[in-house]
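Asks: here are the coordinates; sequence isn't available:
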């Protein structure tokens with residue numbers, strides 16, 4: 001389920017529904033989420049007022065409603081530090097959008113791909129051997 005709302009402040013319009021498509025790329029390891037997550041989100045929303053298309057870059061992230069340990073299927077709050085794109089109105093006018101910020105809450109349908117074991121990047125001090133076998 002994808003929920004959104006567009007507030008067009010310039011034209012004093014509100015669009016609470018439409019069709020939204022999201023693709024993502026550029027995975028990077030984020031310690032905050034204990035795994036690899038997409039860093040670039042391409043978001044396209046078709047609403048009654050027009051088409052909103054942006055590229056959003058993840059600048060930070062955190063888990064929601066959990067303690068220090070990342071659960072198997074976490075809810076991630078992604079914080080976009082750069083959102084840029086266009087809004088094409090029904091009358092074909094195109095407005096360039098810059099300087100945007102945003103957040104997205106994502107329920108993971110499967111666990112994050114934990115490719116690196118936590119011991120390799122953790123700041124926690126542990127004693128003893130890290131690996132029993134290599």
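Replies: Right, received. Where do you want to start? Remember, it's a predicted structure, so these values are computed and weren't measured experimentally.

Asks: By average pLDDT, which secondary structure element in this structure comes out worst?
Replies: Counting by mean pLDDT, DSSP states H and E, the chain has its least confident helix or strand at strand 6-8, which shows a mean of 80.

Asks: downstream neighbour of that one in the secondary structure list?
Replies: Once strand 6-8 ends, the next helix or strand along the chain (criterion: DSSP states H and E) is strand 13-15.

Asks: quick check: mean pLDDT across that next one?
Replies: For strand 13-15, mean pLDDT rounds to 86.

Asks: how about it: buried residues?
Replies: Neighbour-count burial for strand 13-15 flags residue 15 (criterion: 16 or more other C-beta atoms under 10 Å). C-betas here are computed from N, CA, C, even on glycine.

Asks: With stretch 7-24 instead?
Replies: Taking 16+ other C-beta under 10 Å as the neighbour-count basis, stretch 7-24 is seen to contain the buried residues 8, 15, 18, 24.

Asks: Which residues does the third one form beta bridges with?
Replies: Just to be clear, that refers to residue 18. residue 47 (DSSP bridges).

Asks: How much space separates it from residue 45?
Replies: When distances are taken as C-beta to C-beta, to the nearest Å, residue 18 and residue 45 turn out to be 6 Å apart.
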